[in-house]
Structures are given as C-alpha cells and as structure tokens.
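Novice: sharing a sequence plus its predicted fold:
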Amino acid sequence: MAASLGKPDTKRGLSVVVVGCGHRFQTGVLPVLHRTRSEIVALVDPGEAAGRTTASSLGAAGPSLIAEDFTRDTLRNIKADAVIIASPSGLHFAHSAASLEAGLRTFVEKPLACTSKQARHLATAAADKLTVSEQRVHRMDIVLAKQIITSGRIGEILRVRYHDTIRAVPSFESTWRNDPRLAGGGVLFDLGYHTVSTLLWLLDLDPASLHPDTAALHVGQLNVEDFAGVHLRYQDVKISIRTALVKHHPLEFLEVAGSKAVLTLRRLRERSNRSAVRITYEGKADETICHLGADYDTHALSAFLSSSSRDGSLSRHVGTIELIEEIYEIAKKRS
C-alpha cells in the first residue's frame, strides 16, 4: 500500500485510483490529492510509460499498481474508495463504466462522454456514485452574473451572446485533442462543452427547451474543428454561441441583454486572473471586478474527495452532450 500524500496526519483522505497522468492530473488532480491527504493506490494511463514516470516522480507516495488499461479486472486486487478519471475525452465513457460496474464512487473530468447514448447509459448506471467535473459554475464572476439575472435587475431576457476563444498550445497538432477518436470533437466539444453547460446553468434552462437553428464548423489544418458558430433560441430569446482556437488575445465574453439593462462579463484568458462584470442601463454603467483565484477549477474534485453527497448536475451534463450532438448534426447537413 502506498504512503499517503502530504504530511502525516490523523485525518486520512480517500484511497483513489487515478486514470490519466497528463496535464490535468499534474495541474488539477494532484494538488487536490495533496490537500485532502488522499492516497493514490493505482495509476492508469494508456501510455504506460507516462504512468511509470509519474509514479517515479511521486517518490514514496507512488502507487503500488501501474497499468496501461483500465477495466474491472484492473480493480480486482485493489482496495480503493474512489476513481478519478482524467484520461482523454474519448475514453471517459469506457473508464467511467468500468468504475461504476465495480461499484466505486467515480469522478470524471468533462465531458461526461462523447455521445448522448453513452451519457444516458452512465446516468442510468450512476446510482448516485458519479460526479462530473464543474469549473465555471464555481467562478465568482459567473455566480455574480447568475445572481444579477435571477434578481430581475436586467428585466426580461431578450438575447444572449456567449463567445469563447482559447489559444491552442504549440504542440496541439500532436496531442490527443487533435485525434477525433480520442477528443470526441474539436473546439466545440472541448471548450464549447464548458460554454453550453455554463449557459444552461446560468439561465436555468432545460436543455430540451433550447433549439439550435443554424451551426457552422470550420476545419482548417487540424483534424478537428477550430471554429464553431451556433445560433439557438429559447422561446423568443435568441442565443449566439461561438467558440474558436485563436493565435492572439483569447477571450471569454458573455452578454445578456434584458428589457431593463444589459449585463456583460469580460475575461481576458492570459496574464490576468480577473473578470469584469458590468450592468449598463439608461446610459449608466455599474462594474464589478472579480478576482477569480484558482479554487474554482478544482472545487468539484475537492468536494468529491471530502464528501459523499450526491452530485446534482448529472442531468445537465447529459443534456449538454445531447445539445452539442444536435449542433454537430446540423453543421454536417449544412456542409
């Protein structure tokens, strides 16, 4: 049995199996495991060498098992309280299904799965044991925006724009994100998953009530799309979503226009950890600067490791995948 992460403490965390040793494990999962004094009892990575390198870097806190494949057989001789899945998106379904079949509490990074059929299967198999990662819904600027919308300060919602761009890493073409089989899709499925899911949460929408009218995807030199533009409607409300990979000045911009005022949220993605939330009405502006910190990015995992409470967002994640799948179908018909 591996030694506990962090300093010895009488309050011991969970024994966990971690699936996926990539960037997200290093920057998000591992720091939370340290904070919660959780113990890694097994590391699984499709590239077994990556698992061994990671285990070696953990030193005395390294796991007793390193494996390339994750199945129920992998778990047979391992005593674990939970499984954390941070593998490539295209493997989330198989890895989550194996964990749930073994009866273990399961945390999976977004997306829940790559198809609506897979997502519904996991939701049925969950039995209150499945938690999907949440990030933006724990960010103070997004929370503030929801409070303002719910309060009625902007009035009846008339239109919404949520435009999201991100800079691709220099090695993007050689990563799993440029492999449709492992990525599930391009920027719409990766960055757009956050955009769509957050929009559903922000406006408290039933995914089935949101209808895509038009969708356009662009595939340039990559194997996956690097741009997606979508127009949707909710009753009489017109909604525009745009996601893209860009070379300069990545930005997250939300605009919610109401009958009384307009709410905007503007977040520069690089060299800034703050966001501006502004309400404009009758020519006047009221702006709040939100310092975001980093906890929102790992809040869901921290809660998962410290509590056995049920995650209530699973149906929204299923709905997010159903909606994105519908958008892809519309875009294919257009092309």
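Specialist: Everything's here; your move. Since this is a predicted model, take the numbers as computed values, not measurements.
Novice: ranges for the strands of the stretch 51-200 of the chain?
Specialist: 65-67, 82-85, 105-108, 130-132, 157-167 (DSSP state E, counting those that start in this stretch).
Novice: now render those as a markdown table, adding mean pLDDT and mean neighbour count.
Specialist: In short, each C-beta sits where N, CA and C put it, glycine included. Formatted as a markdown table, those follow (pLDDT from 0 to 100; neighbours: other C-beta atoms under 10 Å):
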| stretch | mean pLDDT | mean neighbour count |
| --- | --- | --- |
| strand 65-67 | 85 | 19 |
| strand 82-85 | 96 | 26 |
| strand 105-108 | 96 | 24 |
| strand 130-132 | 96 | 25 |
| strand 157-167 | 97 | 18 |
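Novice: now do the strands in the stretch 201-335 of the chain.
Specialist: 211-218, 227-234, 237-246, 251-258, 262-268, 274-281, 284-291.
Novice: please name the bridge partners of the closest residue to Thr195 other than its chain neighbours.
Specialist: Take Thr195 and drop its neighbours on the chain: the residue closest to it by C-beta to C-beta, 6 or more residues apart in numbering is Asp164, 4.8 Å away. Counting by DSSP bridges, Asp164 is bridged to Thr243, Glu252.
Novice: distance of Asp164 from Asp206?
Specialist: 22 Å (C-beta to C-beta, to the nearest Å).
Novice: circling back: let me have the strands of the stretch 201-335 of the chain in CSV, adding distance to Lys79 as columns.
Specialist: Output for those, formatted as CSV (distance: least, C-beta to C-beta, whole Å):
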stretch, distance to Lys79
strand 211-218, 46
strand 227-234, 44
strand 237-246, 42
strand 251-258, 42
strand 262-268, 43
strand 274-281, 43
strand 284-291, 41
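Novice: got TSV for those, with mean pLDDT too?
Specialist: Listed next are the strands of the stretch 201-335 of the chain as TSV, based on pLDDT from 0 to 100:
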stretch	mean pLDDT
strand 211-218	96
strand 227-234	97
strand 237-246	97
strand 251-258	98
strand 262-268	97
strand 274-281	95
strand 284-291	95
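Novice: need those strands in CSV (columns: distance to Thr36 and mean neighbour count).
Specialist: Converted to CSV, the strands of the stretch 201-335 of the chain look like this (distance: least, C-beta to C-beta, whole Å; neighbours: other C-beta atoms under 10 Å):
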stretch, distance to Thr36, mean neighbour count
strand 211-218, 40, 16
strand 227-234, 36, 19
strand 237-246, 32, 20
strand 251-258, 29, 19
strand 262-268, 28, 19
strand 274-281, 27, 18
strand 284-291, 24, 12
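Novice: quick one: the helices in the stretch 101-250 of the chain, in order.
Specialist: In the stretch 101-250 of the chain, the segments counted as helices under DSSP state H, counting those that start in this stretch are 116-125, 140-151, 180-183, 187-203.
Novice: mean neighbour count, these: which tops it?
Specialist: helix 187-203 (a mean of 23; mean count of other C-beta atoms under 10 Å).
Novice: packing partners for the helix or strand of the chain with the lowest mean pLDDT?
Specialist: Lowest on mean pLDDT, DSSP states H and E among the helices and strands of the chain sits helix 48-58, with a mean of 72. Counting contacts by 3 or more C-beta pairs under 8 Å, 6 or more residues apart in numbering; DSSP states H and E, helix 48-58 packs against strand 39-44, strand 65-67.
Novice: with distance to Leu30 as added columns, please give those strands in a markdown table.
Specialist: Formatted as a markdown table, the helices and strands packed on helix 48-58 follow (distance: least, C-beta to C-beta, whole Å):
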| stretch | distance to Leu30 |
| --- | --- |
| strand 39-44 | 9 |
| strand 65-67 | 16 |
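Novice: which stretches of this structure have low pLDDT?
Specialist: 1-11, 48-49, 51, 60, 308-311 (pLDDT under 70).
Novice: mind running it again at 80?
Specialist: Filtered on pLDDT under 80, the chain yields the residue ranges 1-12, 46-62, 64, 77, 271-272, 307-312, 335.
Novice: contacting residues around Val83?
Specialist: Val16, Val17, Val18, Val19, Leu75, His95, Ser99, Leu104, Arg105, Thr106, Phe107 (C-beta atoms under 8 Å, 6 or more residues apart in numbering).
Novice: repeat that for His218.
Specialist: For His218, the contacting residues are Glu225, Asp226, Phe227, Ala228, by C-beta under 8 Å, 6+ apart.
Novice: would you list those residues in a markdown table and tack on distance to Ala145?
Specialist: Below are the contacts of His218 laid out as a markdown table (distance: C-beta to C-beta, whole Å):
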| residue | distance to Ala145 |
| --- | --- |
| Glu225 | 27 |
| Asp226 | 27 |
| Phe227 | 25 |
| Ala228 | 22 |
